[in-house]
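# model the following, please.
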Amino acid sequence: MNAPMKIYFDMPELCAATTLSETTIQKMIREQQFPAPRHLGGRRVGWLVKEILEWAENRPVSDLAPPPNTGAKKPGRRQQQSAPAAQTGA
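Residues are numbered from 1 along each chain as shown. Got it, this is the predicted structure:
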């Protein structure tokens, strides 16, 4: 069976799709730099997928290069890797 076509994003889906935080999205909406949510019923709102795609396609092309990979380890990564070694006691 085919999955239903997605028409609206809720906030978590919107954040994941745009890689923007909820705070950034709310700020951009207030500044009219991002599509406003649509009232779906009750207290439910959503963003039209079509409007978000149009917004994304109309973003300016950046002339900035991506930041270099510094090779720095992410915080907490060492703790996750060393945890199994601590459990090897009898």
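
# regarding Ala36, what is its secondary structure?
Ala36 falls in the coil class when you classify it by DSSP: H, G, I helix; E, B strand; the rest coil.

# per-residue pLDDT, it?
With respect to pLDDT, Ala36 has a value of 97.

# for Thr23, see how far away it is.
Distance from Ala36 to Thr23, counting by Cβ to Cβ, to the nearest Å: 16 Å. Where C-beta positions appear, they are placed from N, C-alpha and C, glycine not excepted.

# and Ala56, by the same measure?
Distance from Ala56 to Thr23, by Cβ to Cβ: 19 Å.

# follow-up on the earlier one: who has more neighbours, Ala36 and Thr23?
Shown here are Ala36 and Thr23; by other Cβ atoms under 10 Å, Ala36 has more neighbours (12 against 9).

# tell me which element the closest residue to that one other than its chain neighbours falls in.
Leaving out its chain neighbours, the residue that sits closest to Ala36 by Cβ to Cβ, 6 or more residues apart in numbering is Ile29, at 5.7 Å. Assigned by DSSP states H and E, Ile29 falls within helix 22-30.

# so how far is the helix or strand following that helix off the chain centroid?
On the C-terminal side of helix 22-30, the nearest following helix or strand under DSSP H and E is strand 38-41. Chain-centre distance of strand 38-41: 21 Å, with Cα atoms, centre = their mean, to the nearest Å.
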